[in-house]
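**Q** I would like the atomic coordinates for the input below:
(2 chains)
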Amino acid sequence: ELKVEQNPLFLSMQEGKNYTIYCNYSTTSDRLYWYRQDPGKSLESLFVLLSNGAVKQEGRLMASLDTKARLSTLHITAAVHDLSATYFCAVDRDYKLSFGAGTTVTVRA
Amino acid sequence: ETGVTQSPTHLIKTRGQQVTLRCSSQSGHNTVSWYQQALGQGPQFIFQYYREEENGRGNFPPRFSGLQFPNYSSELNVNALELDDSALYLCASSGVGESYGYTFGSGTRLTVV
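**A** Residues are numbered from 1 along each chain as shown, chains lettered A, B, ... in the order given. You can find the predicted model right below:
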């Protein structure tokens, strides 16, 4: 059974500082996704990582994938309040997603 | 290009009742997956439909069933509702190819009382 572990589960960020969310998974995967979810809302796709060494960046967010270590990271640069949300990684194997428990991010002034 | 539409947005049912949730897939997508997200947890895979056939199922009992129609829209049916079925139900449509990805609908919030 594919297991996906995220840490930390809760992250209180100070505006302007940098932080990293980690996503470990237990078996080989086809693709890895990062999603954002605002309270009571659906999932917004942030990144899809297809291969080892893949790095993608959008604004203050950067995601990377190390398939040998079975690890993906989501790096947040200079946190701002708008980034407050829950972030999920999801591993795609055989076109079925297994999600981590999510990291709830709160950005404070 | 239309997105994924789910209906209804909210629903309250009594334990033991049956419910049907609906999902219309994004244009050009032929696969629909359903996920259950309990409060404070990550989504859990229920099942997937491809070309009107079930194409994989997660750890959910048979009282969770589904359909996919020729236009690739889909239904999720849950019989004999239990209190633990209260959750956000998300539908995701997807296609094939290099740009493979999932488009999620806005979800149906089901409350079982």
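**Q** who's in contact with stretch B:62-76?
**A** For stretch B:62-76, the surrounding residues in contact (C-beta atoms under 8 Å, 6 or more residues apart in numbering or on different chains) are B:20-25, B:29-32, B:34, B:46-47, B:49-54, B:77-80, B:89, B:91, B:93. All C-beta spots, glycine's among them, are computed from the backbone N, C-alpha and C.
**Q** same check, this time on stretch A:62-75
**A** The contact list for stretch A:62-75 (C-beta under 8 Å, 6+ apart) reads A:18-29, A:32, A:34, A:46-47, A:49, A:51-57, A:61, A:77, A:87, A:89.
**Q** which of the contacts of stretch B:62-76 are buried?
**A** Among the contacts of stretch B:62-76, the ones that count as buried by 16 or more other C-beta atoms under 10 Å in any protein chain shown are B:21-25, B:29, B:31-32, B:34, B:46-47, B:49-50, B:78, B:89, B:91, B:93.
**Q** how about residue A:89, what does it touch?
**A** With contact set as C-beta under 8 Å, 6+ apart, residue A:89 has these partners: A:4, A:6, A:21, A:23, A:25, A:32-35, A:72, A:74, A:99-100.
**Q** Distance of it relative to residue A:102?
**A** To residue A:102, residue A:89 is 9 Å away according to C-beta to C-beta, to the nearest Å.
**Q** And residue B:36, by the same measure?
**A** For residue B:36, the distance to residue A:102 equals 14 Å [C-beta to C-beta].
**Q** mind checking pLDDT for whichever residue of chain B sits closest to chain A?
**A** Going by C-beta to the nearest C-beta, chain A is nearest to residue B:42 of chain B, at 3.4 Å. Here the pLDDT value assigned to residue B:42 is 96.
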